[in-house]
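Chemist: Need a 3D model of the following:
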Amino acid sequence: MATMCTVRTRLVPLALTLVLAATTVHVSCAGCARRSLERPRVAVTVFPLYDIVRRLAEDRLDVELILPAGLDVHSYEPRPRDVAALADASLIFAVGLGLDGWAQDLARSAGAGEARVFEMGPLMDPILAPPGLIRNEPLIDGHFWLDPIRAQRAVDVIVEALGSLDPAGGPFYRSRGEEMKRSFQAVHEEIAGRAPRWSHRRLVTSHGSLFYFAARYNLEVVGVVEPVPGQEPTAQHLAELIDLLKDENPAVLFSEAQMDDVLTQALAREAGVPAHKVDPMGGRPGNDSYEKLMRGMLKVMSEALQ
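Modeler: I've put the predicted structure just below:
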């Protein structure tokens, strides 16, 4: 998309140094005798990253998912058991970029400390949504895994982090990572092979989650129903979206499985168009791996954009 720009960073070595230094301090505290015979525990905020971490770790680490599948990451309110689950976590993988900002507070409440929250998003060449499309100020989309090329980059970063946490497992994590990247590349090639055949290229989404998918497969997000999740948009904003949906070259409307779609469905009725539901987070039965998540995206897009 011509209207998008990217923000690049090469903070991986520094980020790992800071996070793992904090981990070293933690494991030298009282109580290490109890944990010395246990597998290290790692927590992950959202399912797409959790799926990568758990498959890389297999039985070498205990991996905990914080956000239950099906819940909206924007409105999530941690439960007491979520706090308790982080108390012994050596490392907490988060997205960052404003998507799971509650992770820092949760880590503090658990006594884990902010330094052990490793935010992946800033390391994934984040996409900046055009100002005015989401809200007046620019917004960086956090859903980087919807681009399988960036997801492969995330595998490399997580492999490095897990190898630093568990040096003896380094070769194992690297081997698993190479296998996983081949699988992600196959998914990318499937989507890239289908995308040029889609006759519609413009999208209106329920919130700003599809910028990475659109950028990778030559689509364009031209409107967002809720510029700020949970905040009702203005009548003028909705009227502009209806015009986009009824245009001579109409945009296609998408809702999301994790979010309340009452407003999106009302918009669909007003414009006389369907709202196609995507699941960008996954984790539910039938959508319980990264590959299934992306192939689900492919199926819905192929039906909606044909």
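
Chemist: For the residue nearest to Phe47 when sequence neighbours are not counted, give its distance to Asp51.
Modeler: Spatial nearest neighbour of Phe47, excluding adjacent residues (Cβ to Cβ, 6 or more residues apart in numbering): Gly283 at 3.4 Å. Every C-beta, even on glycine, is put in place using the N, C-alpha and C of the backbone. In this structure, Gly283 and Asp51 are 8 Å apart, going by Cβ to Cβ, to the nearest Å.

Chemist: And the pLDDT for Tyr8?
Modeler: For the record, residue 8 is Arg, not Tyr. According to the prediction, Arg8 has pLDDT 39.

Chemist: ignore the last one, Pro80
Modeler: pLDDT, Pro80: 82.

Chemist: same question, the one 5 residues further on
Modeler: At Ala85, the predicted lDDT confidence score is 75.

Chemist: So the closest residue in space to it that isn't next to it in sequence, which state does it fall into?
Modeler: Sequence neighbours aside, Glu64 is the residue nearest to Ala85 in space, at 5.2 Å (criterion: Cβ to Cβ, 6+ apart). Put simply, Glu64 is strand when judged by DSSP: H, G, I helix; E, B strand; the rest coil.

Chemist: what's the neighbour count on Glu64?
Modeler: 18 (other Cβ atoms under 10 Å).

Chemist: surely it meets Val44?
Modeler: Yes: between Glu64 and Val44 there is a contact under Cβ atoms under 8 Å: 7.1 Å.

Chemist: ok so, going back, check contacts around the residue nearest to Ala85.
Modeler: By Cβ atoms under 8 Å, 6 or more residues apart in numbering, the contact set of Glu64 is Arg41, Val42, Ala43, Val44, Ala85, Leu86, Ala89.

Chemist: Show me the strands in the protein, by range?
Modeler: According to DSSP state E, the chain carries its strands in the segments 5-6, 41-44, 62-65, 89-94, 117-119, 127-129, 139-140, 202-205, 220-224, 252-256, 275-278.

Chemist: Asp288: which of the ones you listed is closest?
Modeler: For those, proximity to Asp288 was assessed by Cβ to Cβ; strand 62-65 is nearest, at 11.1 Å.

Chemist: neighbouring strands for the closest one, and are they parallel or not?
Modeler: strand 41-44 (parallel) (DSSP bridges).

Chemist: quick one: contacts of the strand it pairs with?
Modeler: 50, 53-54, 57, 61-66, 85-86, 88-94, 162, 165.

Chemist: Apply 6 Å and report the result again.
Modeler: Contact with strand 41-44 is made by 50, 53, 61-66, 86, 88-89, 91-93, as judged by Cβ atoms under 6 Å, 6 or more residues apart in numbering.

Chemist: for stretch 76-88, same thing?
Modeler: Contacts for stretch 76-88 (Cβ under 6 Å, 6+ apart): Arg41, Ala43, Glu64, Ile66, Leu67, Leu106, Ser109, Ala110, Gly111, Ala112.
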